[in-house]
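> turn this into a model:
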Amino acid sequence: MPVVIEVVRFKLAPGVSTAAFLALDQAVEREHVAKQAGFLRRESASAPPGEWLVIVHWASAADADASMASFEAAPAAAAFMKGLEVSSMIMQRFHRH
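As a prediction, this is how the structure comes out:
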């Protein structure tokens, strides 16, 4: 079964603690990402010095695109984005065959 895997790397915004970010991360998953069509699973992890990684698995590229299009308007997504340093964000999409 083909799956789309999104990988996002970033750093936290200045002054945002790990605990505060984890609350934002859980909220964006629960309130937005997990409710999107084609969502399979999501995981987050950190590594010193302050690097973060979020991996999201989608059933199709169309599902991933639709989620991305709706992300900006989601209240939980806005709070999530304020918790990270946007200029450090790198996103890649991979296709499992």
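> thought F21 was touching G83?
Yes: assessed by C-beta atoms under 8 Å, F21 is found in contact with G83 at 4.9 Å. C-beta coordinates here come from the backbone N, C-alpha and C atoms, glycine included.
> which pLDDT value goes with F94?
According to the model's per-residue confidence, F94 sits at a pLDDT of 97.
> again, but for P48
84.
> please renumber the chain so that the first residue is 245 from this point on.
Yep, numbering from 245; the last one is P292 now.
> run a quick neighbour tally on it.
5 (other C-beta atoms under 10 Å).
> one step back: common neighbours of F265 and G327, please.
Taking C-beta atoms under 8 Å, 6 or more residues apart in numbering as the contact rule, F265 and G327 both touch L256.
> by contact count, what packs against the longest helix seen in the chain?
Looking across the chain with DSSP state H, the single longest helix is helix 262-275. Using 3 or more C-beta pairs under 8 Å, 6 or more residues apart in numbering; DSSP states H and E as the contact criterion, the neighbours of helix 262-275 among helices and strands are strand 283-291, helix 319-326.
> what about the shortest one, average pLDDT?
Just to be clear, that refers to helix 319-326. Here the mean pLDDT over helix 319-326 is 95, rounded to a whole number.
> name the residues of that helix that are buried.
Of the residues in helix 319-326, those scored as buried under the neighbour-count criterion (16 or more other C-beta atoms under 10 Å) are 320-321, 324-325.
> what sits against L297?
Neighbouring residues of L297 by C-beta under 8 Å, 6+ apart: 251-253, 288-291.
> likewise A278?
If you count contacts by C-beta under 8 Å, 6+ apart, A278 has them with R286.
> what distance do you get for it to A320?
Here A278 is placed at a distance of 11 Å from A320 (C-beta to C-beta, to the nearest Å).
> ok, now R253?
Computed as C-beta to C-beta, the R253 to A320 distance reads 20 Å.
> check I334 too.
Taking C-beta to C-beta as the measure, I334 falls 22 Å from A320.
> name the residue closest to the centre of the chain, please.
For the chain, the residue lying nearest the average C-alpha position, counting by C-alpha atoms, centre = their mean, turns out to be V298 (5.1 Å).
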